[in-house]
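Visitor: With the sequence up front, the predicted model follows.
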Amino acid sequence: MGDSLITIVAIVLAAILMFVFPLMTMSDRSDDISQLTVETATTEFVDNVRTTGKLSLADYSAYEQRISATGNSYDIELEAQILDENPGKKTTQANSTKIGENVYYSMYTSQILDTISSDTTSTLAFKEGDIFSASAKNKSTTLSQQFKNFFYSVTGNDIYTIAAEHAGYVTANGSGN
């Protein structure tokens, strides 16, 4: 009886080592590939907006499709900090420079999407000095997360493994067509 119990335990351990751990490793690699894809897509999306000074619905849709191709769903957050330049001028010097600080006002995802989705040709134009940022976090639970939750009892609703964010100053005026 003791030998058969040891044999059963050995078979179960062998099955775990032969099937479950390789599957966990492969699912972790899949998450790594998705992470790299989302980071690359987010960086290219933000850099495109920064260098052209424009954001269109086509640009946003292409970004959304590219990261969704990983098989996960994502929570995408956009922020545009628009430079509101102080129009005051110094008059005591020969060169007129602005006085005071430049102030930024922010537009967030819903406002940006409302602006660019009003019609198919709508774009949000930025000017040099504005700041644009985007972030994406996975909403769906990946296979790797399911394994980790099962084996390590990692729980929580705010746990995400795939996330990327990128931001930068706009370097071109987008108002000119």
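Guide: Noted; the coordinates are in hand. Numbering: from 1, shown residues only.
Visitor: List the buried residues for the longest strand belonging to the chain?
Guide: Counting residues, the longest strand found in the chain (DSSP state E) is strand 74-84. For strand 74-84, burial by neighbour count (16 or more other CB atoms under 10 Å) applies to Tyr74, Ile76, Leu78, Glu79, Ala80, Gln81, Ile82, Leu83. For glycine as for every other residue, the C-beta is placed from the backbone atoms N, C-alpha and C.
Visitor: now those residues in JSON lines, with distance to Glu39 and pLDDT?
Guide: Below are the buried residues of strand 74-84 laid out as JSON lines (distance: CB to CB, whole Å; pLDDT from 0 to 100):
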{"residue": "Tyr74", "distance to Glu39": "12", "pLDDT": "93"}
{"residue": "Ile76", "distance to Glu39": "14", "pLDDT": "95"}
{"residue": "Leu78", "distance to Glu39": "16", "pLDDT": "96"}
{"residue": "Glu79", "distance to Glu39": "18", "pLDDT": "96"}
{"residue": "Ala80", "distance to Glu39": "21", "pLDDT": "95"}
{"residue": "Gln81", "distance to Glu39": "22", "pLDDT": "94"}
{"residue": "Ile82", "distance to Glu39": "26", "pLDDT": "91"}
{"residue": "Leu83", "distance to Glu39": "27", "pLDDT": "85"}
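Visitor: Which of those residues sits closest to Ala62?
Guide: Of all the buried residues of strand 74-84, Ile76 has the smallest distance to Ala62: 12.5 Å, by CB to CB.
Visitor: residues contacting that closest one?
Guide: Tyr63, Glu64, Ile67, Thr109, Ala134, Ser135, Ala136 (CB atoms under 8 Å, 6 or more residues apart in numbering).
Visitor: how about those residues, which pair is most distant?
Guide: Across the contacts of Ile76, the longest distance by CB to CB is 14.7 Å; it joins Ile67 and Thr109.
Visitor: Compare the two and say which one has the larger neighbour count.
Guide: Counting neighbours by other CB atoms under 10 Å for Ile67 and for Thr109 shows that Ile67 has the greater number, 23 against 16.
Visitor: list the contacts for that one?
Guide: Per CB under 8 Å, 6+ apart, neighbours of Ile67: Thr37, Val38, Ala41, Thr42, Tyr74, Ile76, Ala136.
Visitor: Name the member of those residues with the most neighbours.
Guide: In terms of neighbours by other CB under 10 Å, the contacts of Ile67 top out with Ala136 at 26 neighbours.
Visitor: Kindly provide the distance from the residue positioned nearest the centre of the chain to Thr121.
Guide: The residue lying closest to the centre of the chain (CA atoms, centre = their mean) is Ala136, at 2.5 Å. Per CB to CB, to the nearest Å, Ala136 is found 26 Å from Thr121.
Visitor: Val12 now?
Guide: 62 Å.
Visitor: Fine by me, thanks again.
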